[in-house]
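Q: predicted model and sequence below, questions to follow.
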Amino acid sequence: MNIGTKTEKEIRVMAKGGKILAKAMEELEKMVRPGITTKELDRAAEALILKLGAACAFKGYQDKDDKDTNSVFPACLCVSVNDEVVHCPPSERILKEGDIVSLDLGVLYKGFYADMAITAPVGRISPIAAKLIKVTKEALKRGIKKVKVGGHFGDIGSVIQKHVEDNGFSVVRDLCGHGIGRGLHEEPQVLNYAEHGTGLVIQEGMVFCIEPITAAGDWKIKKAGLGYKTIDNSLSAHFEHTLAINKNGCQVLTKIS
């Protein structure tokens, strides 16, 4: 497995891209409300990214192993609502009071990618939906705290899985985090379930995304167009950050200030 590391200069460039991405996401989160369409959120995302000097990472993206021409992603923003898990394209769908919406956004800045995701409430939401969002966000924070040079990727997945399952939810196992740099998806895979002390050793200069993806019910998912839904139609949540590994731990490149 070829896992590259980034130079300090490259990480500084990626940090600038991450800052642009975080700023755009911060503005998008403020726009989430009943009555807005997911297409409006996408248009706003693209306008923000272009204004801030970057390019959309997802628009026109196609997995290199996917030969289906219909699998090219048509938009800047992935907008997944309620039981939709990830990678759902925007549409004229109107967000309603009580929905939860996952916003997954990436940028390309000076040849390097950054990627992040949040799940936001639409108005007042149910207690179970609020708990799912809270727990998933906490799981990401706990995973990040386990990142250190000489640690194992399994340490990340182990703490994420434990926190999610201890709170009565499940970790979606068919999707995971990933390395990132000049490619949007690079090695290694960063699983959200694992045993402590297993997996590859974390090295200084690595840059990767941790992204817990959870479900209120069964962890199994099904294809739904370009995206995925939970198999039992239960709610799903998703949080993601891009981080660079240094000798002191890690720098979260997509941290919202």
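A: Ah, there it is.

Q: now stretch 201-210, how far from the centre of its chain.
A: Stretch 201-210 sits 16 Å away from the centroid of its parent chain (CA atoms, centre = their mean, to the nearest Å).

Q: now swap in stretch 18-25 and tell me
A: Centre-to-centre, stretch 18-25 and its host chain are 13 Å apart (CA atoms, centre = their mean).

Q: avg pLDDT for it?
A: In this model, stretch 18-25 has a mean pLDDT of 98.

Q: which residues does it contact?
A: Contact partners of stretch 18-25, identified using CB atoms under 8 Å, 6 or more residues apart in numbering, comprise 45, 48-49, 52-54, 103, 105-107, 109, 114-116, 118, 242, 252-257. In this view, the C-beta of every residue, glycine as well, is placed from N, C-alpha and C.

Q: now do the helices in this protein.
A: 8-31, 38-51, 127-145, 153-166 (DSSP state H).

Q: among these, which comes closest to residue 216?
A: helix 127-145 (5.3 Å; CB to CB).

Q: buried stuff in the closest one?
A: Of all the residues in helix 127-145, those buried under the rule 16 or more other CB atoms under 10 Å are 129, 131-133, 135-144.

Q: equivalent analysis for stretch 108-126, please.
A: Buried residues in stretch 108-126 (16+ other CB under 10 Å): 108-109, 112-122, 125.

Q: from those, which land in strands?
A: Among these, the members falling in strands (DSSP state E) are 108, 109, 112, 113, 114, 115, 116, 117, 118, 119, 120, 121.

Q: got the contact list for the last one?
A: So the one you mean is residue 121. Residue 121 neighbours (CB under 8 Å, 6+ apart): 32, 99, 100, 129, 130, 133.

Q: wait, which of those residues is closest to residue 182?
A: residue 32 (31.5 Å).

Q: which non-adjacent residue is nearest that closest one?
A: Closest residue to residue 32 apart from its sequence neighbours, by CB to CB, 6 or more residues apart in numbering: residue 120 at 4.6 Å.

Q: ok, that neighbour touching residue 30?
A: No - if you go by CB atoms under 8 Å, residue 120 and residue 30 don't touch, sitting 9.4 Å apart.

Q: dump the C-alpha coordinates for stretch 97-113 into CSV.
A: Extracted C-alpha coordinates of stretch 97-113, given in CSV (Å, rounded to 0.1, in the frame of the first residue of the first chain):
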residue,chain,number,x,y,z
GLU,A,97,-39.1,21.5,10.2
GLY,A,98,-37.8,18.4,12.0
ASP,A,99,-35.4,17.2,9.2
ILE,A,100,-31.7,16.7,9.8
VAL,A,101,-29.4,17.4,6.9
SER,A,102,-25.8,16.3,6.3
LEU,A,103,-23.7,18.8,4.2
ASP,A,104,-20.5,17.3,2.7
LEU,A,105,-18.3,19.7,0.9
GLY,A,106,-14.8,19.6,-0.6
VAL,A,107,-12.5,22.2,-2.2
LEU,A,108,-9.5,22.1,-4.5
TYR,A,109,-7.0,24.8,-3.8
LYS,A,110,-3.6,25.2,-5.5
GLY,A,111,-3.6,21.5,-6.5
PHE,A,112,-4.6,20.1,-3.1
TYR,A,113,-8.0,18.9,-1.8
